[in-house]
Structures are given as structure tokens and as C-alpha cells.
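In: please work out how this folds:
(chains A and B)
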Amino acid sequence: MHNQIESIALIGNRTCFFGRSFLFFFCLCWFSSYVFAQTTNTISGNFSETPLRDIILDIESKTDYRFYFLDDWVTKDTVTITYNNELVTEVLDRVLAKTSLNYYVKENENRIVLLENTLVYDELPKGFFGKQDEIQKDVSNGSIANAPPPTFYNNDTRRTKKKYGVERVGRSDPDNLRRTYELTGKAINARTGEPIQDLTIRVNGSNVVTVTDDSGNYQLELASGYNIISVRAMGIASSEREIIMYNDGSLDLALEEGLQQLEEVVVEADAAKNVEEAITGSEQIDSEESKNIPLVLGERDILQVAKALPGISSAGEGATGLNVRGGKTDQNLVLLDDAVIYNPQHFFGIFQALNPFTTKGVDIYKGAVPVEFGGRLSSVFDIRTKNGNVEKLSGEGSIGPVTGNLALEVPLEKDKSSLVIGARGAYADWILRSLDEESLNNSNASFFDGILKYHNKINDNNEIKATAYYSRDAFSITSDSLYNYNNRLFSVRWDHRFNSKTTGALVLGNSDYGFGIDFDGQTNTDFNLDYNINETELKYKLRTAINDKHTLNYGISTKYYNVNPGSIEPDGSDSNISPTFIDEEQAVEGAIYIGDEFKLSDKLLFNVGARYAFFAALGSGSQRNYQEGFPRNESTVLDTINYGGGEVIETYGGPEARVSARYLFTPDFSIKASFNNSYQFLHTLSNNTTVSPIDTWKLSDLNIEPQTGYQASLGLYKNFNENEYEISLEGYYKRMDNVLDFKTGADLFLNENVETEVLQGDGKAYGVEFLLKKNKGRLNGWLGYTYSRSLYRFDSEFSEERINNGEFFASNFDKPHDVSLIANYRFTRRYSVSANFVYQTGRPVTYPIGTFRLNNADFVAFSNRNEFRIPDFYRLDLGVNIEGNHKKNKLAHSFVTISVYNVLGRNNPYSVFFVTEDGEVKALQSSIFAIPIPSITYNFKF
Amino acid sequence: MKKKIKWIGLLCALNAFFGCIEEFEAETVTELQSTALVVDARVTDQNVQQTIYLSRLFPFEAADPTPEPNAQVSIVDDLDNVFGFQEVAPGRYITASAVQFVHDRAYRLVIQTTDGSRYSSEAEMLPTVVPIGEMKAIRRVNSAGTEGVAITLDNNDATGVPNFFRFEYEETFKIVAPHFNPFDWDEVDDDYFMNDDDGWEVTIAAREEPALECFASNTSNALVLGSTERLGSNNLDDFEVRFLGKDNYAIAHRYSILVKQYHHSVNAASFYESLSNFSNVESVFSNVQTGRLETNIRDENSSENIVLGYFELSSYSEKRMFFNYSDLFPNEPLPPYVINCDPVGKPPLYPPGFHVTEIDGELVLDGNDSSPLIEGIKAGLYGYHAENENFGKIDGDGEPDRAPFLVKSLGCVDCRKFGSNVKPDFWINE
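Out: Numbers count the residues shown, from 1 in each chain, chains lettered A, B, ... in the order given. Modelled structure (predicted):
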């Protein structure tokens, strides 16, 4: 038998020289067999239900041919056949027609070889021959460009293993017989020809496993003789191969992608990312995935979803801004396509100011912030807009009770460039107007946001993206004043691949935030009041994969700020208001950084980075100098310094460390630790307990120092059941210095000497976050629990500059216990239900210590800040999601969400007030959504 | 200057959408700071007996503050002249005689309480005198969309620094009883067993006291603050001190307001501004961070001891004005009366089922039987309106009509329910 097999291996060996194409090989085989057969004798015979083996032996006896085969192949089948003076090849064609055997005629040697591997190929449709394996020996691999890792895992319903032939590798060398031989080769995607990396090759019945490298190459030690290997990779149909090893050799595996209609595309780019990456405290929210989560008024809102994750919260339902791990709301760097968005929320934080259909998702870094980001102490929200569809015009839209959304994806150049256009508006005005309340007839509350994104993949090495965004909120409750605020941003990004190892991105961004109050009343005090901040950033970042062990991230960024801290101008000629313009502020902020993802071993991964942050407050402007050792006020001003245009007022800066390490106990269980520090050079000024739309941003200057922060975290991460479940436990401790607060009752806006009202103190925050996530299956969602504290201290030798006697006190958003449950259960492809439950400790409020009488009226007296808590918060939201049917040729695909927000009707107090009315104190409590709020939102997609 | 967003109305109306503010019964949750002294010291440059009130912080559950008695209160100037105060009522301290504080002196308030604590204020000086100029009553619609009358004033200052003012007012207005009756209750016999033994009895007689026109007064209890901080000049111009809605009965006939202007320091203004911010709802979404108010009075021995109130030294100016409803709203319907006067009552003299039982030879009234008419008159609820012509007649139910008189709410008949029938000295007719 050995001889027979050897000859086949030789054939394979030889034919390879004709070309890489297996099609060619096969055509050649068939062709040659016919050609040679025509010169041979004819034979006759008559068999009924005769074992195949007998027929073959009969033919062998009647001709000069010797047949080569394995007995196994020819014993199971019986054949009934009659042939008369027919060519051997014709006879064989008929004899073997219903078997799985093929034959090969070696005419000059008078041999006929049977092969048992033809069935699969016979069944392949035309054009699929290109997917067959190639048996090679000593052929060097051509360099095939690095392909990006597969991003989508096709949840292929076709799990049937494709039957491939037995592969024979190597030529047996009697002088070099071993127990094992080495098999090398390359895995390629049969359709695209690209190498498949991270393909797992497992030898059945043993523990031998190998994984292909970036170029798809693999190396495997196999026992001599018969082996079965199974291959598995994301996006690749799993299959098994039978291999017979005779010697060292190579076998390239051409593997198919899943070809069937996909039931669902699950984003699983890095299924075990949470376990594998080095950095701590990172989260990812996909806008599309979040569509099932019931939220208020049926609005899709990734920022609200973010609040359901451990460590991210806000002061309350109607509070703008997010508090991440005990940090203040101004400590989050929120980026939309690389440019800062100062206020990403509409209407007091109830809605996100992002179009859900153009938004791809958000990466949130609340622990170890990647070295490329800086300038805020607590977190980074890196929000990305979708790239448009480059094949056909498509769109998505929704109609809800309060807003309408529309997004269009317009291909400009097929497979290259596209435009995304999104617009969104609120039509809440009709609600206000339709209410039978005279005083509200003049009130309105509306918002709008629009986005435009251009994307052009020029070639494999260059990609351009540009985004323009605008949002505006306007509201007025009384007829005489109109409040408005708006965000405007623009960014261009050029991604460039220098070579297979280095990629870079050049980003230019400009962001603008402003608000205004237009007062037009009965008296002669009409005015327009404005605030504005504008920043322009240029950033150049590079990534170089030096080798398997080191990947460098490095870059430089610089920012220019221009702030109008406030101005008031008379509105109309008869206004008595005197125009006031607070001096504009200017500054530059820069950073240079380098980081290394350093893979010490398969288990130990470091992410080490250093960043130098720099800030310079620039003139023109004037700054006051205060007497040291005295409280800052009018009477302690030493002098006022005037600075010319561009003159440096003060510089700040320092090194920042970003260090993370991960140790893998097992491939799905890791421990991580990280430490980082950062500087923040701009601050919000607010004398409210929660963020108000008219809070201003202030740059550090001579008298206001930058905030600094340190955070250390440690966590354990474990995935179960092939990443179906993720579980993590992470603890952190954070220190903040020079955080801002204000003297009680401070007047901050239009204050030329804000430093006299500002207090700078320190904060500490710590907590433990637990998260259990179920990513797949009919039931999915997560359960999060956080225990955390957020404490601040403002101490001074002067009582007027102290809060709570200079001791640590709980921040407005200190909510020690926080439980979030988000669950979605899919009944069928079309119907699912979802639930969102939140429980939080009530937030601290400043509560009166009693009442006092002054000038004929009673008032309440407050003493220490935040010593009392409002009752605990809990809320349950439920939603039913109905997908339209999945018929292919429908005009639009629809999706309807019916949800009830606050199903339990819990009247969660948001705040308490003590109002003096008619000289008497009235205690009031407010709540934002006190009753169940049903809504229906219709979404469509085409 | 600061415009408040009045969200409350909106939010309540929008209940289904955006929450609501509701009242709750506040409780004192912290240990009450017994040491928190409340100093109500609003001292002016008027040549009058100055008054200072001292009290203690009191819990929500209490109706009135506890006065702080037996303290030694004085104002000391920078030449160490001492102006002593004497306690004339618990917690109320006044100077023995009229005192005229002057403009170029600095004054400190010093208080020694019976617990041994000594409090003193920072030295304060009187700001310049800024007399109230023209005052006007202007018909307008306010920012909440209500039509009414705005009382505005101008003032005049020649100095170059921003001025800060606090306003108080006393308003006085004429009340005319819409159902005035020249007759009034006379004899109201509520003792069934009185000697005359004629049972319950009510009679009427001609009125002795005038009760058609009265004068009522209100004293302001809201903080009205004004400043020229953002204005082109240092004058207040058309500053609204008071707004009265068109349906406020106070302006129904003739109205007078005495506006008291206190010109105080920027620090005093900041104190009152904070106090005002802390006691108003600005918006349901963002409320001001409340906390301990910075004041200019301190416990000399403890920086942690809270003192509430402010030693406010101000330059005073006042002005009175009058206007008639018809001046501003000619030929327009009057605002509704203080109370609804449409209902006419027929309280029975004897309640249905009234009877007397003889027990051991004594006549005894059953249970709580009493005369609804007499009880109402005694409680000040009923004013005489007319004789009941059907008194004693049998009505459709076979019951006799038990009410001898028709009545109205007392205030509809007798204006003294809401004011005094004595014309104030300052009152000028038309």
C-alpha cells in the first residue's frame, strides 16, 4: 500500500509546478487521463450486484494496468454494469459513477490510481474550484499585505462540516522515519486570497493547538500517519481536514467564509477584549445595539445607557453632565469625531445631542485613559460617527413623541466615498402650547442638531474623514427671556498608512460652545447676554508596530483657546443697560506623548505611556495680584498686571503617566492594574448643585491653577462560555487637587474677578464596580453594581474660604450604592422585550438646620453642605420592540418601540427647595418624571 | 438684574412630561444649633429710635422664633461713642431716644448675650443718600403674562459707583363693602335658659359704626433688591418695586404705597441676594447651591458658631404715591372683591330636630344642640343682609323655615372684616 500512496503524492507534487490554481490541476488530471486512455485496449464484462473490488480486479486482470487503492474504498459498494468493447476509462467512468472514487491513469507506467476525494469537488458550483486546497512543498509564500483582523463574526447557521479529501503530506523517506513530522503552511481566505490570522488549528484527539500568525502562517507538529485537524476562526466556516503525514511538508488551507444568509450580525470584534486588553475601566456602547433599551420618551441615547454602566452617573434625572468615578461634570473629555463637544446633551440632560442614527458608538475610558488623550481628569468619551454606506443610498429615521430624526447615507463614489447627513429636531412646543395654561402660551422649548460627515477611502493607505456638527437649544418660559445654547464643531482627519508597521492620523478640529440670554421685557433693561468658548486643535498621532512585542503610540497635539467669558449689551436704543465685556481669555495647550504596548509574554502585557502636558495663558488681558496669606477680595488686591497680546500670563504643565498591566491567568481570565495622572486646565464655573446650561468654562490663569488628578485601579476580568458571559470586578482610588468650588452665593457670571469667588480644594473618590454581562443569546444585557464615594474638601485658614469647616464632604453626586440592570429578551426575530432598572442611593442635598425670622419674613438657615440625602432613587422602564418583517424587497424596514418609562410611577425626588412666600417658609420637593410615561417611537430604515 | 426662570408653573402643567414641584412637610432633621443667634439689625440714617430684633433659630415645627432676651446691645462708632439699646419687649431692643447716625463715621454692632457669648460686626459706614425720584403706577403685562399695575421708581445719584438698594413698602388701600347694610345684629341671646326665658333670640338695629369704607394695609415681606451694577448710569430708572395683578382687590378703588428705599453696601447686597436666591426656586433642573451665608457679624470667640442676619447700615429714603383704579383702567370692571359675596345664607335659629328634655325637673338641651345663626354671628361669619320673608312658613318638605334672616359673609357687609374704618392720617382723597 505504501507504494500506491507514494505515487499519488508524487503526482500532486509535480502538478503543482503548473500553477497555483487548483482548477488547473484538476483539469489537467482529467484531461491527461482521457488522453492516455484513448490509446488503450477495450474491455468487456457483465456484473450484477458485484462488489466494486471484484470489478476492479477483473479489469486489472483483463488489461495491463495495475490498480492502486485502499481496500476500504472498494469494499462497501456493489455495482451492476454491462460493458462491451469499451475503453477502460469509459468503463471506469460508469463503474465509479455512483461512488466517491475518482481515478487517475498513469499511462506510461500502466497504473491506475483510485482516489477517494472527488465527491466534494463534484458538488461545488462553478467557480468554486478556486477554493480548493493547494498542496505545496517548498514553495515560499508570497508576501501578502497585512489584512485587518476580521471584524464581524458571522453567526453562521450552516454548521455542517465540509468534507474535504485526505491530504497527504511529505514523501516518505526510509532513511528519516520519525514519530512526528512538521506541517507548515498558510491559511488564506478562499474568496479574497487574504491570509487568515488567528485561525485556531487543533489536532483532534490531542492537545496540540496552534494559531496562525498575522500573515496566516502556521506550524504544527503532527504524528506520522493519519491525523484529523480542525480549524476555526471568526468569519471562517469551521472545517476538519484529514491529513496523512509522511514527512515534513506544507499544506496551505484555503478556507471558506460563511456563505449563507446571516441571521444576525453580532459585533464581536474582540470578544475577549475586556479580558485581554491592558487598560482598566474601559467601556464600549454601540448606538445600534442600544436601541432596545427603553429610555425616556423612546429616545435612543448612548449617554443615558452609559449611566447604566458602573462608575458613570449623574446627579439626577434632570441633570446635565455625567459624573465618572466621583469626578465633576467638567472632568470628562467628550469627543465627537476627534473634536471636543462641550455640551452633548439637550434639554437639561434628558436627551442626547447626538443623532442616534449617525452615531456609531462611544468608547468610554473611565480608568486608564489612553496616552493620546488628556486635558480632563476623569474620563474620555470618544464618540464616533458612522462611515456612510458606499454602495447604495440608505437611510434611517424615527418619529417619537418629542423628536424626529433622519439620517441619510449617500454614496458619492462607489466603494470609496460617502456622505452621512443627519438632522434631528424636537417639536415639544406643541405640547406647551396645547396645554390649557395661559401663562405658557409664550413659552417654548426646542432643540435641533445636525451632522454632516464625509468619508473617503482614497486607497488602502489613505482615508479622509470630515465632520461638521451643530446643535442648538432654545427655551423660554416667560415671554420676556429666551435662553439658548449651541455647540458647533468641525473636524478633518486624514489616516495614512506609511507601511505595514506604521499608521498615522492627522486631525484638525475646531469646537465652539456658547450660550446666550435675550431679555426683552417691559422695562428699559432689555439686554443680550453672551458667553462663548472656541478651541482649535491640531493633533498628529502615530502607531508603529515594531515587532510582536512592542507597539508604539506617539504623537503631539496642540490647542488654542479663545474664550469670551461673558458680555452683556443693551437690546434696543432705549435700554438702560450699559454694555459690559469681560476681557477675552486666550491660551494654548499642548501635549507630547509616547506609549508602548509591550507584550512581555503571552500572559503579561504592559501599556506604558508618558505624556507631557503644557498650558500657557496668554494675553491680552489683565490679572490681579493678591496679597499672600489673606483671603482674596477687593481689599487684598496688590496690583493689576496688564498683558499685551500674545504675552504669556502664566504657564502650567507637567508629566503624566499612563501605566497599565495585564496578566492572563487563563485566556479568559485576567488581572489588570493601572495608574495614571492628568492635568486639567479649564474648569466650569457653576454655583448650582447640578449643571446648568449657563455654566461657563474658565481657563486657568494667574490666580486659578489647573486641576490635577491621580487614579489607580485594579480589576479582575473573566469570561465564561466562549465569551457569552463577561464578569468583572474593578476597584479604584482617585485623588484630585485644585478642583474648583465657589463661595456660597457666589455671583460668577459677568464677574471680572471670579478668583475672589473661587475656592480650590481637593477631592477623593473610591469605589468598587461589579459588572456581569451576557452578550449572546435570547436573553442579553447586564447587571452592574457600584459602591463608590465621592468626597471633596475645601479648607483654608479663612472661614469665608472654607466649606463645612474644611472637612471632606460628600459631593452632590455621591451615591454610594448604584445598581443597574439592563435586560433584553428576544422571543422571535421580530419581538423582544426589554427592561431597565436602576436603584441608587439618594443624592446628598444641603438641608436647613432651622428657620429664622428677618425683616418680617421667615427664611431657612443652611449650615453644612450635603449633610442630608434625598430618598433613594429607583426606577423601572419597560419596552417592547417590534421589528418589521424581514422581507427582502420592502421599501423600508421598520422598528417600533413601545416603552413605558418609570413603570412603577415612583415619584423620585430630585431636589428639595425651601421657598419664602408671603413671609412663610414652604418646603418643596421636585421630581422630573414622577409618573409612568408611555411612548411609541417608530423607526424606519431603507 | 438677575432674571429668574419661573419654571414651576410650566413644570406643573407639564406634569406628564417633566415632573412637578410639590410641597412637603419639612422636618428639622439636624440637631438644632441652639447657639445660632439671629440678628435683625436694619439701622438707617433716619433720626428715629432705632430697633434691633434678636431671636434664635427655630425648628420647622414651631410657629414663631424664640426671642433672645436680656442681651446687651449697642452700636459703637470709631470714636468709641456707644449707642445703647434697651429691651422693650422680649427680643426687641430700641435706642432710648432718637439717634442720628452720620455719614462719615464707621459703626460696629456689639451684642453680649446671657450665655456669655459676645458678638460683634465689622465696621460699616452709611452709604450716600440717594433720594427716590419719580414714582409711577404703570399699567403693563408682566413677564408671567399677567396684566396689572407696576409701581416703579427712579432715583438719582451723582456718585460714580454702583448703588445697591433694598426696598420695603407699606401699601394701604380703600375697601368698599359690596353689600353694606345700615343694619347690624343687635341683641344676640345665646343662653336658651336666660331669665327672660324666651329661648334663643337675635335682633337687628341700625349700625353705630361706619362699615362701608375701610382702609387696609399690608407690609412687604418679600425681598425686593435693586442695583445699578449693570446699568449705564448709577440711577435706577423705572425700577419695578411692586406688581399688582389687575384682579388684585387692593387696587379696586384707591391705592397708596409708601416705598422705603434702603441704600446699603455691596456686601449687604450680596448677603440679601444670596438669601433671596436661597429662598426662591429658579428652575427645577438647576438649583443654586445653598449653604452657610456669609455675614458681617461673628461670635468673637468661635468661628464655627453660626450667626444669622446682617448688620445693615443704610441711607433711607421714602416716598408715597396714590392712584385710583379708574386712572389706569377707566370704564373697566372692578377686580373681584376680596371674597365671593354671591352666596346668601339662611342659617336657622333653631336646628332641625331641636328639642328640650326634662330631666329631674330641669330642662336640658340635647347633646350639642346649638343655634347655627347665633354660632355664626359669634364666630364673625355672618353679616345681616335682609329679613327672611319665609320665616316660619312650611316648605315643600313639610318643614317650617327656621331662618329669621338672610345673611352674607361678614366681609361683604362690613368692611371692617378686612380693614379699619379709620382713615389714616396720610390718606388724601382723589
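
In: what count of nearby residues applies to A:Asn775?
Out: Other residues near A:Asn775 come to 19 when the count uses other CB atoms under 10 Å in any protein chain shown. All C-beta atoms are positioned from the backbone trio N, CA, C, and that covers glycine.

In: pLDDT wise, what is it at?
Out: We note a pLDDT of 84 for A:Asn775 in this prediction.

In: and what of the one 10 residues further on?
Out: Per-residue confidence at A:Tyr785 stands at 95 (pLDDT).

In: please point out which parts of the host helix or strand of A:Gly566 sit buried.
Out: Element membership for A:Gly566 (DSSP states H and E) is strand A:550-570. Buried residues in strand A:550-570, counting neighbours by 16 or more other CB atoms under 10 Å in any protein chain shown, are found at A:551-555, A:557, A:559-568, A:570.

In: adjacent strands (with direction) for the next helix or strand after it?
Out: Using DSSP H and E, the helix or strand that follows strand A:550-570 towards the C-terminus is strand A:580-581. Strand pairing for strand A:580-581, using DSSP bridges, gives strand A:550-570 (antiparallel).

In: figure out how far the strand it pairs with is from the centre of its chain.
Out: Here the centre of strand A:550-570 is set off from its chain's centre by 25 Å, with CA atoms, centre = their mean, to the nearest Å.

In: just give me the neighbour total for the residue nearest to B:Arg42 when sequence neighbours are not counted.
Out: Once flanking residues are discounted, B:Arg42 sits nearest to B:Glu312: 4.9 Å by CB to CB, 6 or more residues apart in numbering or on different chains. Neighbour count for B:Glu312, taken as other CB under 10 Å: 25.

In: B:Glu312: which element?
Out: Per DSSP H and E: B:Glu312 is located in strand B:307-324.

In: OK, contacts around the residue nearest to B:Arg42?
Out: Counting by CB atoms under 8 Å, 6 or more residues apart in numbering or on different chains, B:Glu312 makes contact with B:41-43, B:124, B:166, B:262, B:264-265, B:268.

In: again, only this time at 7 Å
Out: B:41-43, B:264, B:268 (CB atoms under 7 Å, 6 or more residues apart in numbering or on different chains).

In: which positions in the stretch 101-250 of chain B make contact with chain A?
Out: With CB under 7 Å from any CB of the partner chain as the criterion, the stretch 101-250 of chain B meets chain A at residues B:140-145, B:219, B:221, B:230-232, B:237-238, B:240.

In: could you list which of these belong to strands?
Out: B:140-141, B:219, B:240 (DSSP state E).

In: span of stretch B:376-390 from start to end?
Out: Criterion CA to CA, to the nearest Å; first-to-last residue distance in stretch B:376-390 is 20 Å.

In: wait, stretch B:158-170
Out: End-to-end distance for stretch B:158-170, by CA to CA: 28 Å.

In: so how far is it off the chain centroid?
Out: 23 Å.

In: cool, and stretch B:233-240?
Out: On the basis of CA atoms, centre = their mean, stretch B:233-240 is displaced by 26 Å from the centre of the chain it belongs to.

In: between the two ends of it, how far is it?
Out: One end of stretch B:233-240 sits 17 Å from the other (CA to CA).

In: now B:Ala379: how far from chain A?
Out: 25 Å (CB to the nearest CB, to the nearest Å).

In: what about residue 251, neighbour count?
Out: No chain in the question, so chain A it is. 25.

In: actually chain B
Out: Counted by other CB under 10 Å, the residues lying close to B:Ile251 total 25.

In: then A:Phe598?
Out: 17.

In: OK, contacts around it?
Out: Going by CB under 7 Å, 6+ apart, A:Phe598 touches A:549-550, A:606, A:608.

In: would you map the helices across the chain?
Out: No chain was given, so I picked chain A. For chain A, applying DSSP state H gives helices covering A:2-15, A:22-37, A:52-62, A:71-75, A:88-95, A:119-123, A:273-276, A:302-307, A:429-434.

In: wait, I meant chain B there
Out: Along chain B, the segments classed as helices by DSSP H run B:8-13, B:266-278, B:325-328, B:372-378, B:410-413.

In: single out the most deeply packed of the ones you listed.
Out: The highest mean neighbour count among the helices of chain B, using mean count of other CB atoms under 10 Å in any protein chain shown, belongs to helix B:410-413: a mean of 24.

In: ok so, going back, partner strands of the strand holding B:Glu312 and their direction?
Out: strand B:37-44 (parallel), strand B:254-264 (antiparallel).

In: circling back: now the two most distant members of the residues of the stretch 101-250 of chain B next to chain A.
Out: B:Thr219 and B:Gly232 (33.2 Å; CB to CB).
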